[in-house]
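Colleague: sequence and predicted model, in that order:
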Amino acid sequence: MSTACPITRHTSCSTHPMTTASAPGKIILVGEHAVVYGRPAIAVPVWQVTASAAITARAPGAGCLLVAPDIGLRQPLVAAPADEPLALVTRLVLTALGAPANPDWQIELRSTIPIAGGLGSGAALSAALVRAIFAHLGHAASPEEVSQFVYESERLYHGAPSGIDNTVIAFGQPIWFVKGEPPTPFVAQRPLTLAIADSGVPAPTKETVGDVRRGWLANPAQYEAWFDAIGAVVHAARRAIEVGDLPAVGRLFDDNQALLARLGVSAPQLEQLITAARAAGALGAKLSGGGRGGNIIALVEPPAIEAVRAALLAAGARRVIVTTF
Ligand code: PMV
């Protein structure tokens, strides 16, 4: 994990300083979906992919221009609709800091995080943006503040998210998360290496969260039992991570995957990748995030990394990112 300060203020030109800030991608290690219903979950930042925001001055009176080439956005802040997430975050932060509503800035956002793949691309862009605005105005944003502003933009995408994505991205370290409670950052006893494989299928988090809710409303006793079982897996996974028992963590990934399949959020493409990873020597594998598409994660001991990567690509993965925490 990088511990570098994510904010840089370039002062080589004192009249036109540039401020940049960044934020990582993320994955949910265990506990997705049940976390919406109050059970714990563990999430981990992925520093191999990042979003960044750079603020530079524009001519006096030019106003604020938002530029995000990756998502085809180039728009004056004043013309952006109220539900454009990056404009929303910009307005909220400027208001909170008592800054002018339309400063003469160009804000340029870039990201190497795959879009709509469940790696937190939207939340990371917002987090980088919040940090850059704070820093450009001479303030330091605490992780809690960043998390709160990013949550507001996440609500536009997901309705009523648990808050785990904005929290892990704002804190930039592995977290134990329970909805409505402050997160607990923690450190693994032995490093865990994960292969993150993108199925290439869009991950419709809002849909899967909505489907799970409909299932829960129709059959609350059954769903509560599944959520309890996922909660027990998450507790056991934390213990195993804290004592460095990687084979146990792998088995718990498999148990979590079986429960997610019962919730109806797996998909044939995800099962294919999970099966391929296990057959190539992964200690365990599961989907990560909302499901039905997006990424799977496989726990891998370092000697098996290349075999697992090759197996995932042969099984149809679009991209494999390897991360260690
Ligand atoms: O699809 P992602 O990676 O943004 O993950 C969503 C996680 C859920 O538990 C499914 C929803 C939530 O709000 O926590």
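Modeller: Done, it's in.

Colleague: so which bits of stretch 310-320 are buried?
Modeller: 311-312, 315, 317, 320 (16 or more other Cβ atoms under 10 Å). From N, CA and C alone the C-beta is placed, and that goes for glycine too.

Colleague: start and end of it, how far apart?
Modeller: Terminal residues of stretch 310-320 are spaced 9 Å apart (Cα to Cα, to the nearest Å).

Colleague: ok, the buried residues of stretch 310-320 vs residue 90, which is closest?
Modeller: Proximity of the buried residues of stretch 310-320 to residue 90 (Cβ to Cβ) peaks at residue 320, which lies at 34.2 Å.

Colleague: so which strand or helix has the closest one?
Modeller: strand 319-324 (DSSP states H and E).

Colleague: which SS class is residue 316?
Modeller: With DSSP: H, G, I helix; E, B strand; the rest coil as the basis, residue 316 sits in coil.

Colleague: please save the CA atoms from stretch 149-169 in CSV.
Modeller: What follows is stretch 149-169, C-alpha atoms only, in CSV (Å, rounded to 0.1, in the frame of the first residue of the first chain):
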residue,chain,number,x,y,z
PHE,A,149,-18.8,14.4,0.3
VAL,A,150,-18.1,11.4,-1.8
TYR,A,151,-21.2,9.7,-0.2
GLU,A,152,-23.3,12.5,-1.5
SER,A,153,-22.2,11.7,-5.1
GLU,A,154,-22.5,8.0,-4.6
ARG,A,155,-26.2,8.5,-3.7
LEU,A,156,-26.8,9.7,-7.2
TYR,A,157,-25.5,6.4,-8.7
HIS,A,158,-26.7,3.9,-6.2
GLY,A,159,-29.7,5.3,-4.3
ALA,A,160,-28.9,4.4,-0.7
PRO,A,161,-25.5,2.9,-0.6
SER,A,162,-24.1,1.4,2.6
GLY,A,163,-21.2,3.9,2.5
ILE,A,164,-18.4,1.3,2.2
ASP,A,165,-17.1,2.5,-1.2
ASN,A,166,-16.6,6.1,-0.2
THR,A,167,-15.2,5.1,3.2
VAL,A,168,-12.4,2.8,1.9
ILE,A,169,-11.5,5.1,-0.9
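
Colleague: quick check: residues of the protein near the ligand?
Modeller: Proximity of the chain to the ligand (Cβ under 6 Å from any ligand atom) is limited to residues 28, 32-33, 35-36, 118, 158, 161-162, 164-165, 203, 205, 209, 289-290.

Colleague: can you do 8 Å?
Modeller: Residues of the chain lying close to the ligand by Cβ under 8 Å from any ligand atom are 26-28, 31-36, 41, 118-120, 123, 154, 158, 160-165, 179, 203, 205, 208-209, 212, 265, 288-291, 294.

Colleague: filter those down to the buried ones.
Modeller: Buried, going by 16+ other Cβ under 10 Å: 26-28, 31-36, 41, 118-120, 123, 154, 158, 161-165, 179, 203, 205, 208-209, 212, 265, 288-291, 294, out of the residues of the chain next to the ligand.

Colleague: what comes into contact with stretch 154-168?
Modeller: Stretch 154-168 is contacted from outside by 26, 28, 32, 35-36, 41, 43-45, 83, 85, 88, 120, 122-123, 126-127, 146-148, 150-151, 174-175, 177, 179-180, 183, 205-206, 209-210, using Cβ atoms under 8 Å, 6 or more residues apart in numbering.

Colleague: hmm, try it at 6 Å
Modeller: Stretch 154-168 has contacts (Cβ atoms under 6 Å, 6 or more residues apart in numbering) with 26, 35-36, 41, 43, 45, 83, 85, 120, 122-123, 147, 150-151, 175, 177, 179, 183, 205-206.

Colleague: repeat that for stretch 102-112.
Modeller: Residues outside stretch 102-112 that contact it (Cβ under 6 Å, 6+ apart): 49-56, 58, 60, 62-68, 70, 77-78, 121, 125.

Colleague: and with 7 Å instead?
Modeller: 49-70, 77-78, 86, 90, 121, 124-125, 128-129 (Cβ atoms under 7 Å, 6 or more residues apart in numbering).

Colleague: so where's this structure uncertain?
Modeller: 1-16 (pLDDT under 70).

Colleague: in it, what residue is nearest the ligand?
Modeller: When scored by Cβ to the nearest ligand atom, the chain has residue 289 as its residue closest to the ligand, at 2.6 Å.

Colleague: quick check: phi and psi on the closest residue to that residue other than its chain neighbours?
Modeller: Using Cβ to Cβ, 6 or more residues apart in numbering and skipping residues adjacent in sequence, the residue nearest residue 289 is residue 118, 3.3 Å away. The phi/psi pair for residue 118 (degrees, to the nearest 10) reads phi 80, psi 10.

Colleague: tell me the contacts of residue 118?
Modeller: Applying Cβ under 7 Å, 6+ apart, the residues near residue 118 are 203, 288-290, 294-295.

Colleague: of those, which pair is most distant in space?
Modeller: The distance between the two most remote of the contacts of residue 118 (Cβ to Cβ) is 10.3 Å, for 290 and 295.
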